[in-house]
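*Asks:* what follows is a predicted protein model with its sequence.
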Amino acid sequence: MATSNQGLGNGSNKVPGLKQTPDNYVALGELLEYNKPDNMDLYVKTFGDQGITGFLELTGAKKNAGTSDQIQYWEEGRLHRSFTGTVGTTATAYANLDMTVADGAGARVNDVLLNQVNGDVLLVEENLGATTMAVRSLAGVTLGQATAAAFSVIGNIAAQGASQPADFYQTEINKRTQDFIIARETFHVNGSQASNVGWINTGNGDYRWYLKGENDTRKRFMDQREMLMLFGERQADGATGNDGIVGTEGYFSALGDRGIVSSGFGTSATLSEVDDIILELDAQGAPSEYAMYLNRAASLNIDDLVATGIGASITAGLGSQFGAFNNSQDMAVNLGFKSFTRGGYTFHKHDWKLLNDPTLAGSQADALGGGFYKGAMVPMTQVADARTGERAPSLQMYYKQDREMNHWVEGGDVLGFKTNNEDVAKFHYRSECALVTRGANQHVLLT
């Protein structure tokens, strides 16, 4: 059997074009294609800490007890009765007048009404229908209120020997519902990349990039879960879309429907804007202590107002004004709050990173340096449940039982996970959550 040398090139085993000894080269760079780079492995956080979670953790409470697809809770209605209506202008003091009731609330015969616009006190003499009644002036003055006005029921009087009223009033109880949503996220790394070492120290001396990617995915998921509870919207009447998704009522949606909405603190902050909000808070029976979460522009405007308003009944925070922080100014400062008082209310101001980040709700498109929302004012107290009398936080994060944060990994013997035949490790995140906004009428949304 014949044998032969199968070397490269004319019976030689030399690789064509490559000289075997370094002495044949003028410089080492001609021998090596690349020099080792002078690598700095420090990973710089160019945009600082980009996480935005914390608002709900600090202002609300957490409950892991959801056992249904929907939460229902109860809120008490107004104790006293009022409605809107108009009175004709051609009547005399003792003539029966038709009052058109705007909201159909009505009143009983012999109810006494107070016109909140001009102070007239009226007596209901007869109900003429679902939205109309005959009234007269108790003072014997000529009536005239052609424009809509608010009327309050201040009592019921009767002549001697008259019977008790046949009808009675009952305080309304409002049933509210909230739907859970399922927030999801995932991160994948293939087996080869999971073993590779990179240039950057991703933390604790580890140079495997997938660890950074997985950690960022987890943080992004938690941020987005909070944003879903803040900005969520729900289909009208709980209707389900073609995709089977109902949605959920977010914090801003609840305040837009049932809360106090103010457009103040935009280009500047003025005493009149603060006072307008305080008057609305008074009307809603609000507590005396609030946390103000603001974007940067509104926060600076408030700072300017406080700095120039010491002599105008605005007082910078004193030790006794930090009730929500155990009367500790140091605790408030450590949490990033600045405080001031006005009209018996104490406001603790805090910057809201969510409204400053241009990739989230902090658009830089307008001259004010902020997007549509400029902040929110949250009552720092608990509210009483209308049915049970138990006290509960005004904001509460609800999670389905055992589904606050589900995290699992699957893979085909990648990173030790042996659940399938794929050469990929898949990190999964899931949370079933909802935000309950109790007493939204006492919260303030700044737009």
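*Replies:* Happy to help now that I have it. Bear in mind that the values here come from a model prediction, so they are computed numbers and not experimental data. Residues are numbered from 1 along each chain as shown.
*Asks:* next one: residue 185 from residue 166, what distance?
*Replies:* Relative to residue 166, residue 185 is positioned 61 Å away (Cβ to Cβ, to the nearest Å). Where C-beta positions appear, they are placed from N, C-alpha and C, glycine not excepted.
*Asks:* more neighbours, those two?
*Replies:* residue 185 (17 against 7; other Cβ atoms under 10 Å).
*Asks:* pLDDT at the more buried one, what is it?
*Replies:* In this model, residue 185 is scored at 96, pLDDT.
*Asks:* secondary structure element for it?
*Replies:* Using DSSP states H and E, residue 185 maps to strand 181-190.
*Asks:* direction included, what does that strand pair against?
*Replies:* When pairing is defined by DSSP bridges, strand 181-190 lines up against strand 424-437 (antiparallel).
*Asks:* next structured bit after the partner strand?
*Replies:* strand 444-446.
*Asks:* for stretch 250-268, the distance to its chain's centre please.
*Replies:* Centroid separation between stretch 250-268 and its chain, computed with Cα atoms, centre = their mean, to the nearest Å, is 11 Å.
*Asks:* give the buried residues for that stretch.
*Replies:* By 16 or more other Cβ atoms under 10 Å, the buried positions in stretch 250-268 come out as 250-255, 258-260, 262, 264-266.
*Asks:* repeat for stretch 229-245
*Replies:* 229, 230, 232, 234.
*Asks:* can you add pLDDT and give the residues you listed back as a markdown table?
*Replies:* Listed next are the buried residues of stretch 229-245 as a markdown table, based on pLDDT from 0 to 100:
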| residue | pLDDT |
| --- | --- |
| 229 | 93 |
| 230 | 94 |
| 232 | 93 |
| 234 | 88 |
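*Asks:* which ones among those lie within helices?
*Replies:* 229, 230 (DSSP state H).
*Asks:* from the buried residues of stretch 229-245, which is closest to residue 273?
*Replies:* Using Cβ to Cβ, residue 230 is the member of those that lies nearest residue 273, at 23.5 Å.
*Asks:* which pLDDT does the model give the nearest residue to the closest one once chain neighbours are set aside?
*Replies:* Nearest residue to residue 230 in three dimensions, chain neighbours excluded: residue 251, at 4.7 Å (Cβ to Cβ, 6 or more residues apart in numbering). With respect to pLDDT, residue 251 has a value of 95.
*Asks:* isn't residue 251 up against residue 397?
*Replies:* No: between residue 251 and residue 397 there is no contact under Cβ atoms under 8 Å: 10.5 Å.
*Asks:* which neighbours do those two share?
*Replies:* Common contact partners of residue 251 and residue 397 (Cβ atoms under 8 Å, 6 or more residues apart in numbering): 229, 435.
*Asks:* tell me which residues are up against the strand holding residue 185.
*Replies:* 210, 213-214, 217, 220-221, 224-225, 228, 232, 245, 247-248, 414, 423-434.
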